[in-house]
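Asker: Predicted model, plus sequence, below.
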Amino acid sequence: MARVVKMFRTLRNNWKKSTFAVCVLSYGGHWLYGIHGDNVLRREACLIAREFGRHQIGPQESLRKATVILNPAACSGKANKLFEKNAAPLLHLAGVEITIVKTDYEGQAKKLMELMEHTDILIVAGGDGTLQEVVTGLLRRPDQDTVCNTPIGFIPLGSHNSLSPSLHLLSDNKVKDITSATLSILKGETVPLDVLQIKGEKEQPVFALTGLRWGAFRDVAATISKYWYLGPLKTSAAHWFSTLREWPLVREVSMSYLAPTLRPPDLPPQKPPRPNLLHRIIRRLQNRWNPPVEEPPKVEEPEQWKEEHLSTLELFIHTHNKNPVERRINDSLVICAEPDSFTVGEYITVGSKKEEDPTVFTKDSTRLEASACQLQLPEGAAGFYNIDNEEYEAMPVEIRLLPRKLRFFISAERREQLLAVTQ
C-alpha cells in the first residue's frame, strides 16, 4: 500500500511529466493499433487474392496481363509505397502478370497510352489527374475502337478520387480502399461509363469521366487551401473574401445544345450460341428463295441546335457516372446552372456544401439534358475550367457525349448499393 501511495505522490509532484508521458503513450498506442488494423486488412485481402491464383488454367491459356499506369507523385509522394504495399501483392498472388509504368511528369500518361501494347487489363493507380490523362490518351489513339474494349481498373491513390464512389465502397481507411479496389479488379465485374469529349477551336480534344465545371464556386475552391490557418472556417472565409473583391460574381454564357438521344438496349454479355447445321441450311434456303427486301438508305436529318443564354454563378456539365448502374431511357449529359440571385449569405452557405460535393445544386438551378452542347464565352472573359478536377484555360468549346464508351471494374457490393438507391 505504501508503494501505491508513493507512486501517486510522485505523479502528483511531477504532473507535467506525467501528463506528457500519458499523451505520448496514448498516441503511440493509437498508432500501433492502426498499424495492426492495416496488417489485418492486408492479410484478409491476400487470402482472397490467393484463391484466384489457385484456379487452374488450360495448357493453351496464358496468364492475364495487366498494365499499371502509376503516378508516384500522387498522395503527396506516397503513391508508390501505397501501391507496392497494398495492391501489388494481391495482383501477384492472383497470378496476374503486371507491367508497372511510372509517370515522371504531368501529361506523360497521355503519351504513354499512345505507345501501349495489347494488354488484358489496364490499371490506373493515381488520382483524378492521372485517370483523366489515361482516358484522354486512350481515346486519342487511331485504334481507339479496339483498345476501348480493354477493361479499366482504378486504384484511388490521389488527393482527389471523384470516380471512386461510383465504383467502390469507400471508408476512412486508405488501406481498405486500395485493397477493395484491387479485389474488384480480380473479381472481374465491370460497368460501362459515359465519356465527355471536350474540344476547343484549335487544340486536340480532352476527355472527361466526371464533367466540366466553370464559375465563381470553382474559382473560390481553388483558393481555399491558402486559408489553411483558419482551420474549419477556411471554406466560409474564402467565399466571404471573394465577395469583398467582387460582387456579384455572375458569369454570362451563350450555349447551344442538342436534344438527348434514345438509349439503345444493352448488348448481351456473351454471344448467343451458334444454331445447329440443319437450322442454318433451312435459313440459307429461305434467303435464297425469298431474298430479304433491302431497306432504302436513311437520310440523316440535320442537327437541330437550341439556343440558350445563361446568367449564372456556376455552370457544371457532367455525366451520369455518379450512378452508372441506373437504367435510363436517354443517353445524355446534364447541364446545371445556378441562379444569379444569391445573397452573400446564401453564396457562402451553398459554397460550403459544394466544397463537400460539387454536384450538389440548389432547387432553383437550371437543369437541361442534352447529347451535345457548345459554349460561347463573352469577349474578354478570363478564367479556368475544371475538367475532372484538372485546370484548363476557359475558351469556347464543344462538348459531346460518348455513351458507354469505356468499361470499368466495379465491386459487387457497390453495384448492389447503387441499384438499391434507384429502386
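Answerer: It's in.
Asker: The helix or strand hosting Lys16 packs against which elements?
Answerer: For Lys16, the element it lies in under DSSP states H and E is helix 15-53. With contacts taken as 3 or more C-beta pairs under 8 Å, 6 or more residues apart in numbering; DSSP states H and E, helix 15-53 sits against helix 79-86, helix 88-93, helix 174-187. No exception for glycine: its C-beta is placed from N, CA and C like everyone else's.
Asker: Any buried residues in the shortest one, and which?
Answerer: Of the residues in helix 88-93, those with enough neighbours to count as buried (16 or more other C-beta atoms under 10 Å) are 88-91, 93.
Asker: now, which of these sits nearest Gln56?
Answerer: Leu93 (15.6 Å; C-beta to C-beta).
Asker: list the contacts for the residue lying closest to that closest one once chain neighbours are set aside?
Answerer: Counting by C-beta to C-beta, 6 or more residues apart in numbering, Leu93 lies nearest to Ala49, which is 4.2 Å off, once chain neighbours are set aside. By C-beta atoms under 8 Å, 6 or more residues apart in numbering, the contact list for Ala49 reads 89-91, 93-94, 182-183, 186.
Asker: let's go with 7 Å and repeat that
Answerer: By C-beta atoms under 7 Å, 6 or more residues apart in numbering, the residues touching Ala49 are 90, 93-94, 183, 186.
Asker: And for Thr67?
Answerer: Thr67 neighbours (C-beta under 7 Å, 6+ apart): 99, 101, 116, 119, 122-123.
Asker: change it to 6 Å
Answerer: The contact partners of Thr67, by C-beta atoms under 6 Å, 6 or more residues apart in numbering, come to 99, 119, 122.
Asker: Likewise for Ser164?
Answerer: Listed by C-beta under 6 Å, 6+ apart, the contact partners of Ser164 are 156, 170.
Asker: Does Pro378 belong to a helix, a strand or coil?
Answerer: At Pro378 the chain is in coil, as set by DSSP: H, G, I helix; E, B strand; the rest coil.
Asker: That one - how many residues pack around it?
Answerer: Here the number of neighbours of Pro378 (other C-beta atoms under 10 Å) works out to 9.
Asker: Quick check: phi and psi at it.
Answerer: Backbone dihedrals for Pro378, given as degrees, to the nearest 10, come out at phi -60, psi 160.
Asker: beta partners of the closest residue to Asn149 other than its chain neighbours?
Answerer: Nearest non-adjacent residue to Asn149, counting by C-beta to C-beta, 6+ apart: Arg407, 7.6 Å away. Arg407 has these beta-bridge partners by DSSP bridges: Pro192.
Asker: residue contacts, Arg407?
Answerer: Applying C-beta under 6 Å, 6+ apart, the residues near Arg407 are 151, 190, 192.
Asker: Can you lay out these as JSON lines showing pLDDT, neighbour count and distance to Trp214?
Answerer: JSON lines is the format used below for the contacts of Arg407 (pLDDT from 0 to 100; neighbours: other C-beta atoms under 10 Å; distance: C-beta to C-beta, whole Å):
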{"residue": "Pro151", "pLDDT": "94", "neighbour count": "18", "distance to Trp214": "32"}
{"residue": "Thr190", "pLDDT": "93", "neighbour count": "18", "distance to Trp214": "32"}
{"residue": "Pro192", "pLDDT": "93", "neighbour count": "15", "distance to Trp214": "27"}
